[in-house]
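S.K.: Sequence and predicted structure are below.
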Amino acid sequence: KAGVTQTPRYLIKTRGQQVTLSCSPISGHRSVSWYQQTPGQGLQFLFEYFSETQRNKGNFPGRFSGRQFSNSRSEMNVSTLELGDSALYLCASSLGGLAPYEQYFGPGTRLTVT
Amino acid sequence: GENVEQHPSTLSVQEGDSAVIKCTYSDSASNYFPWYKQELGKGPQLIIDIRSNVGEKKDQRIAVTLNKTAKHFSLHITETQPEDSAVYFCAASSNTGNQFYFGTGTSLTVIP
């Protein structure tokens, strides 16, 4: 099976712009989670989508949003970018359901805000 | 919410020695504990996991132990090799949703 793919791999944006990142989960996986990884804060949970519905949400401002499509692919959007949004954005997919299932990560999108 | 603490933050061992990384969690409802290895420029890779109905699990040179009473779990790597050098993360999750809580990571260096 193909792994989790994320596009683009690298992005450079300017403060105030918006950005959309894409994630394609492993075939058959219905849950997609997004994380922000920075050297100072580690892996921080943004949100999780399951069957096109946001099921969990972390403590991030409303500038961070996401959605999931019927084929389980997911996008996250960050509006009005700030310098502090520079980070590695990771998505992870799993089967989903109520019990915690193995979660597999993609390679990440490195976002740099200047 | 759940709080996962991980120690040490850095660890250096000689090739062939063992490495142990420890994590504690706060939510007694947590019942799934995966470990991830992240190499430079890559996403975290799931290397082993354990569920709360099991006390220990082994996969070749890697083992994980879980003490539910004390709310801690550990990763053991034996016969370390230079390619084991990476950042390792522990995590915890429960049946109350597919949310994972991660430790702050341990940077392991294996010295040849």
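M.R.: Nice, I can see it.
S.K.: which regions of chain B sit below the pLDDT cut-off?
M.R.: Applying pLDDT under 70 to chain B flags the ranges B:96-98.
S.K.: So which bits of it are right by chain A?
M.R.: B:31-32, B:34, B:36, B:42-46, B:49, B:89, B:93-95, B:97-105 (CB under 8 Å from any CB of the partner chain). Quick note: C-beta positions are derived from backbone N, CA and C, even for glycine.
S.K.: Give me the PyMOL select line for these, limited to the buried ones.
M.R.: A single PyMOL command selects the buried members of those (16 or more other CB atoms under 10 Å in any protein chain shown):
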select buried, chain B and resi 31+32+34+36+43+44+49+89+93+94+98+99+100+101+102+103+104+105
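S.K.: What about the residues of chain B next to chain A, which are in helices?
M.R.: Counting by DSSP state H, no part of those is found in helices.
S.K.: what about residue 79, neighbour count?
M.R.: Went with chain A since none was named. Residues contacting A:Ser79 under the criterion other CB atoms under 10 Å in any protein chain shown number 14.
S.K.: Switch to chain B, please.
M.R.: By the measure other CB under 10 Å, the count of residues near B:Glu79 is 11.
S.K.: so it touches B:Val13, yeah?
M.R.: No: the criterion here is CB atoms under 8 Å, and B:Glu79 misses it with B:Val13 at 10.6 Å.
S.K.: which ones are touching residue 68?
M.R.: Going with chain A. A:32, A:49-53, A:74 (CB atoms under 8 Å, 6 or more residues apart in numbering or on different chains).
S.K.: Correction: the question concerned chain B.
M.R.: B:28, B:52.
S.K.: low pLDDT regions in chain A?
M.R.: Flagging of chain A using pLDDT under 70 yields the residue ranges A:1.
S.K.: Apply 90 and report the result again.
M.R.: For chain A, the stretches flagged by pLDDT under 90 are A:1-2, A:39-42, A:55-56, A:95-102.
S.K.: ok, the spatially most central residue of it to chain B distance?
M.R.: Nearest residue to the geometric centre of chain A (CA atoms, centre = their mean): A:Trp34, 3.1 Å. As judged by CB to the nearest CB, to the nearest Å, A:Trp34 and chain B stand 12 Å apart.
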